[in-house]
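Undergrad: build the 3D model from these lines:
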Amino acid sequence: MDKILRAYTRLVALKENLLSRHDIHEKYIKDYHEIVDVLSSEAHTSLGEFRIPAHEIKPILTGGNYLTGEKFYSKDNYCERTLFLSKLDALLSYFQIKYLSKEKQEIGFKSSKK
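TA: Here you go, the predicted structure:
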């Protein structure tokens, strides 16, 4: 349980300390994936749906020449901030519900009928 809590706090710290740019640098994605792997191992469950898909990690357009149509791309890889945060938030929520909540969480809709 201690490794799960430490990994969870790493996720929270990662989220709180991201720069507010449109794209997330691959070094943060690698750190995130390491945390996902730790959680997956400790929880004995597959967490693949929380990973950033490889095809979403790629160079970004940095400029171009409108006369020639030439485009310039970064040397490093990035993913969109929205995608990264949606995966990270989903993983945080999963572990909050599964491990950190004192009460059992009810998921779904409640009927107003009696």
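Undergrad: how far away is residue 39 from residue 97?
TA: 14 Å (C-beta to C-beta, to the nearest Å). C-beta: built from backbone N, CA, C; applies to glycine.
Undergrad: next one: residue 10
TA: Residue 10 is 19 Å from residue 97, where distance means C-beta to C-beta.
Undergrad: show me where the chain has helices.
TA: Ranges of helices in the chain, per DSSP state H, are 2-16, 26-43, 81-95.
Undergrad: hmm, back to that, please say which of residue 10 and residue 97 ends up with more neighbours.
TA: residue 10 (16 against 12; other C-beta atoms under 10 Å).
Undergrad: how about the more buried one: what's its closest non-neighbour residue?
TA: Leaving aside its chain neighbours, residue 10 sits nearest to residue 35 (5.2 Å; criterion: C-beta to C-beta, 6 or more residues apart in numbering).
Undergrad: quick one: contacts for the one you found?
TA: Counting by C-beta atoms under 8 Å, 6 or more residues apart in numbering, residue 35 makes contact with 7, 10, 11, 14.
Undergrad: and for residue 22?
TA: Counted by C-beta under 8 Å, 6+ apart, residue 22 has contacts 80, 81.
Undergrad: what score does it have for pLDDT?
TA: Looking at residue 22, its pLDDT reads 89.
Undergrad: with residue 3 instead?
TA: 89.
Undergrad: hmm, back to that, okay if I get the helices of the chain as JSON lines plus distance to residue 56?
TA: Below are the helices of the chain laid out as JSON lines (distance: least, C-beta to C-beta, whole Å):
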{"stretch": "helix 2-16", "distance to residue 56": "17"}
{"stretch": "helix 26-43", "distance to residue 56": "9"}
{"stretch": "helix 81-95", "distance to residue 56": "6"}
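Undergrad: wait, which of the ones you listed is closest to residue 68?
TA: Set against residue 68 and scored by C-beta to C-beta, the helices of the chain come closest in helix 26-43, at 28.7 Å.
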